[in-house]
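>>> Sequence unavailable; structure follows:
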């Protein structure tokens with residue numbers, strides 16, 4: 001089994017910054033893609049950003065230029081630096097990782113429990 005534990009959420013004023021962290025642990029041989037998703041009240045979960053084990057990143061248009069995703073492969077961690085936060089960024093942020101248990105195992109997707117980010121205007 002794999003566990004993803006997020007941290008770093010909280011309350012921040014509009015224009016401020018927060019940094020989210022996610023640590024992966026458990027039966028992990030390899031992680032290819034890690035990412036962050038978010039779900040605002042009454043809305044569907046949406047992609048925020050992803051990063052491959054080679055460092056290729058992908059961002060939602062709504063966060064480009066404000067958010068930066070990074071990862072530490074050795075520590076099995078992924079980060080999300082969020083700057084210039086807006087009230088519409090308020091949501092529960094979920095960590096996501098595709099992991100393989102062994103060298104030739106299929107990759108399986110896991111989710112963290114989520115961390116709440118609230119941006120006050």
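Yes, it's here. Just so it is clear, the model here is predicted, and its values are computed rather than measured. Residues are numbered from 1 along each chain as shown.
>>> ok, and the closest non-adjacent residue to the residue positioned nearest the centre of the chain?
Nearest residue to the geometric centre of the chain (C-alpha atoms, centre = their mean): residue 36, 2.5 Å. Using C-beta to C-beta, 6 or more residues apart in numbering and skipping the chain neighbours, the partner closest in space to residue 36 is residue 48 (4.3 Å). Where C-beta positions appear, they are placed from N, C-alpha and C, glycine not excepted.
>>> How many neighbouring residues does that neighbour have?
24 (other C-beta atoms under 10 Å).
>>> what's it in contact with, if anything?
35, 36, 37, 38, 59, 60, 63, 67, 69, 80, 93 (C-beta atoms under 8 Å, 6 or more residues apart in numbering).
>>> Bridging across strands, which residues link to residue 119?
residue 12 (DSSP bridges).
>>> So it versus residue 90, what's the distance?
Residue 119 sits 5 Å away from residue 90, going by C-beta to C-beta, to the nearest Å.
>>> got it, and residue 46?
From residue 46 to residue 90 the distance is 13 Å (C-beta to C-beta).
>>> the more surrounded of those two?
residue 90 (19 against 12).
>>> Over stretch 18-28, what's the mean pLDDT, rounded is fine.
Confidence for stretch 18-28, expressed as mean pLDDT, is 97.
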